[in-house]
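Novice: need coordinates for the following:
(chains A and B)
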Amino acid sequence: MAGGAGSLTERAGVRAGPFSPRWPWAARALSALDPLRLAGAALFLAFWEAASLFVSPIILPGPLGVFERAATDFWSAPALSYFGLEDASLAGNLLYTAENVAIAVLLGTAIGATLGLLSARLWFVRAAMDPVMMTAGTVPILIAAPFLLIWFGVGRTSAVSLVTFYVVVILYVSAQRAALNLDPIYEHYALTLGADRRQMLGAILIPGATPEILGGFRIALAGCWGLEAVAELLGSQTGIGKVLEVLAGATDPQGILATLLLLGSAAILADAVATLVIARIAAWRAPAG
Amino acid sequence: MADPNRRMIELVEVGRAYTRADGQAVKAVDNVSLTVPEGEFVCLIGPSGCGKTTLLQMIAGLIEPSSGAMVVDGKEIDGPGRERGMVFQRDSVFPWMRVVDNVEYGLKCRGVGAAERRSVARDYLKRVGLAHVERAWPRELSGGMLKRVAIAAVFANGGRVLLLDEPFGALDYVTRHQLQDVLLDLWEEPGRTVPTVIFVTHDVDEALTLADRIVAMRSGVIVDDIPVRAARPRDTDSLLLPEMVAIKHKLLGHLGLERAPGRAARSGSAA
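Specialist: Numbers count the residues shown, from 1 in each chain, chains lettered A, B, ... in the order given. Prediction:
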């Protein structure tokens, strides 16, 4: 460190240089708050506020009211119980939705990534799975919702299996591509060092494919929230989707926007956490950007 | 110690044919026979596309020969194995393992205990001059350092045969010479059996500096097999010895860089 005792930087409590922040995660979080993006968000809010002055609140409620509504209904929204919701708070329903998303994402990733990796190395797995996965990848997954409702009823299972299926398809494709893109030199090198097939899987294929698999995981996670909400909207007694359905029935646009705001915030938060975890797991890779 | 009477590598009429996209059959390696005694350092030299890398990969067990027999240490080659270590032309060090984990990976594969393999890996990292970066990620190292890691890994794994495929081809002049010294020091390391080496290169001076014997290939066949008897360590002056200059002329001829290969012998005897 430059400067003797009592130098400017030392008095200011700055220990490390600008290129080695003491809390790298905090620095990352700060840099994520790109001023341009913040300005974009502010501009959007201003535009919204301005528009709401000219339009009836039944069509477009103002942002301030929406934020207030989200805050007051977060812990307790008695109106919801009149419509037959088990949990009369946005927090409770959000938690239900988040649980379903978490279950679906973890289960779907485990299944999809495993099948995808196997399909890249075992021709019969690929022959069996590719047609199913590629078809499922091109058809909107929501059309399966009525079937799932018939099979599993309106409980958790329907929505979770719908979202799980979506995650499986994305992770299958990204894991397969990750394994196919992995430079064969690593497997050749491992073979000449004496690795057997099982060791190659654990030490070469899985770590080598992990960054790309995690990329697919993030995409799947982002898509899950909306899909889970729609699945709940189509048939569920709880969850953010059910809340949205009820509020739409009651023609409550402010409530709908407040609910969507919370759902979006949850999705952004989950993505931020996933990004941090992924950066940790794939630390061996050059930092992006 | 190495027993020069023991045949370490035996290739009998080995061939490798493949079909090109246009349907034409090509022989990458054609009827190659070669015997290498234990502990010998053989350089395989030839213009690009002459089949030297294919031959090396067949010995490594990564490519199956279409004809012929290949025996290493009395056993027919049946796929890759740890007794035949390989250093690749491109970087093969696992980017998801720290440097020290890379060096001990081969030992880990065959169940050597964590403490023991760590001490072996550290020892070899020290010898290749990388003790200070054992906890680094490979992406943090230069190209020359990555080659040092690969060399440390292959020696730590203790193979009796080392196959090197133009390992220093992509490095700068200074780094290449430093790594040649590193390689020879490890190869000649006292107290263990000297490994048998096949080193593919297209650099004539590199072959003259390293080899006990230089095998030249062209169009899939062996066209020359020259012993190099100059004493080690070989410095700049060694390469100027008349016999070395004569070999150099011959090799340049095989590489197509000298118009009349016959001139080599004359200039050699005149010097």
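Novice: C-alpha only now, for contacts and for neighbours.
Specialist: OK.
Novice: what's near enough to touch B:D237?
Specialist: Counting by Cα atoms under 8 Å, 6 or more residues apart in numbering or on different chains, B:D237 makes contact with nothing.
Novice: can you tell me the SS state at the residue of the stretch 51-200 of chain B found nearest chain A?
Specialist: For the stretch 51-200 of chain B and chain A, the shortest gap (Cα to the nearest Cα) falls at B:R82, measuring 4.3 Å. Here B:R82 takes the coil state, with states given by DSSP: H, G, I helix; E, B strand; the rest coil.
Novice: what's the local residue count around it?
Specialist: Other residues near B:R82 number 24, with proximity taken as other Cα atoms under 10 Å in any protein chain shown.
Novice: so what's it up against?
Specialist: Residues in contact with B:R82, defined by Cα under 8 Å, 6+ apart, are A:191-194, B:106, B:157, B:159.
Novice: how many neighbouring residues does the closest residue to it other than its chain neighbours have?
Specialist: Excluding the flanking residues, the one nearest B:R82 by Cα to Cα, 6 or more residues apart in numbering or on different chains is A:G194, at 4.3 Å. A:G194 is flanked by 25 other residues according to other Cα under 10 Å.
Novice: show me which residues of stretch A:216-234 are buried.
Specialist: Within stretch A:216-234, the residues that count as buried by 16 or more other Cα atoms under 10 Å in any protein chain shown are A:216-218, A:220-234.
Novice: for the stretch 101-250 of chain A, which residue gets nearest to chain B?
Specialist: Closest point on the stretch 101-250 of chain A to chain B, by Cα to the nearest Cα, is A:G194, at 4.3 Å.
Novice: tell me the phi and psi of that residue?
Specialist: According to degrees, to the nearest 10, the main-chain angles of A:G194 amount to phi 100, psi 10.
Novice: what's the pLDDT at it?
Specialist: pLDDT for A:G194: 92.
Novice: which helix or strand in chain A has the lowest average pLDDT?
Specialist: helix A:8-11 (a mean of 44; mean pLDDT, DSSP states H and E).
Novice: and chain B, by the same measure?
Specialist: The weakest-scoring helix or strand in chain B, judged by mean pLDDT, DSSP H and E, is helix B:263-270 (a mean of 49).
Novice: among the contacts of B:R82, which are in strands?
Specialist: Taking DSSP state E, every one of these sits outside strands.
Novice: in the stretch 151-289 of chain A, which spans are helices?
Specialist: Ranges of helices within the stretch 151-289 of chain A are A:156-181, A:184-193, A:197-200, A:206-234, A:240-249, A:253-281, based on DSSP state H, counting those that start in this stretch.
Novice: only the buried residues of the third one, if you could.
Specialist: Neighbour-count burial for helix A:197-200 flags A:199-200 (criterion: 16+ other Cα under 10 Å).
Novice: return it as CSV; C-alpha atoms alone will do.
Specialist: Provided in CSV are the C-alpha atoms of helix A:197-200 (Å, rounded to 0.1, in the frame of the first residue of the first chain):
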residue,chain,number,x,y,z
ARG,A,197,-15.3,-44.0,-17.1
ARG,A,198,-16.7,-43.2,-13.7
GLN,A,199,-13.8,-41.0,-12.8
MET,A,200,-14.1,-39.2,-16.1
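Novice: so is that helix next to chain B?
Specialist: Yes. Judged by Cα under 8 Å from any Cα of the partner chain, helix A:197-200 comes into contact with chain B at A:Q199.
Novice: centre of the chain to that helix, how far?
Specialist: Computed by Cα atoms, centre = their mean, to the nearest Å, the chain-centroid distance of helix A:197-200 equals 32 Å.
Novice: for that helix, packing partners?
Specialist: Using 3 or more Cα pairs under 8 Å, 6 or more residues apart in numbering or on different chains; DSSP states H and E, the elements in contact with helix A:197-200 are helix A:184-193.
Novice: mind doing that once more with 6 Å?
Specialist: Using 3 or more Cα pairs under 6 Å, 6 or more residues apart in numbering or on different chains; DSSP states H and E, no helix or strand is in contact with helix A:197-200.
Novice: average pLDDT for that helix?
Specialist: Rounded mean pLDDT across helix A:197-200 is 88.
Novice: equivalent analysis for stretch B:98-117, please.
Specialist: 94.
Novice: do the same with stretch B:221-237
Specialist: pLDDT averaged over stretch B:221-237 gives 92.
Novice: end to end, how far does that stretch reach?
Specialist: In stretch B:221-237, first residue to last residue: 32 Å (Cα to Cα, to the nearest Å).
Novice: if you skip the residues just before and after it, what's nearest to the residue most central in space within chain A?
Specialist: For chain A, the residue nearest the mean C-alpha position is A:L221 (2.8 Å; Cα atoms, centre = their mean). Excluding its sequence neighbours, the residue lying closest to A:L221 (Cα to Cα, 6+ apart) is A:V105, at 6.5 Å.
Novice: got it, and A:N100?
Specialist: Nearest to A:N100 is A:V160, by Cα to Cα, 6+ apart, at 5.7 Å.
Novice: how many other residues sit next to the one you found?
Specialist: That count, for A:V160 with other Cα under 10 Å as the rule, works out to 27.
Novice: I figured it hits A:A104, correct?
Specialist: Yes. Judged on Cα atoms under 6 Å, A:V160 makes contact with A:A104 at a distance of 5.5 Å.
Novice: centroid-nearest residue for chain B?
Specialist: Among the residues of chain B, the one closest to the centroid is B:F199, at 2.1 Å (Cα atoms, centre = their mean).
Novice: and it, what element?
Specialist: Assessed by DSSP states H and E, B:F199 sits inside strand B:196-201.
Novice: list the helices and strands that strand packs on?
Specialist: strand B:41-45, strand B:161-165.
Novice: show me what the first one is packed against.
Specialist: Right, strand B:41-45. strand B:196-201, strand B:213-218.
Novice: what is the mean pLDDT for the first one?
Specialist: Over the span of strand B:196-201, the pLDDT mean works out to 96.
Novice: list the neighbouring strands of it plus their orientation.
Specialist: Strand B:196-201 pairs in its sheet with strand B:41-45 (parallel), strand B:161-165 (parallel), by DSSP bridges.
Novice: single out the most deeply packed of these.
Specialist: Stretch with highest mean neighbour count among the strands paired with strand B:196-201: strand B:41-45 (a mean of 26; mean count of other Cα atoms under 10 Å in any protein chain shown).
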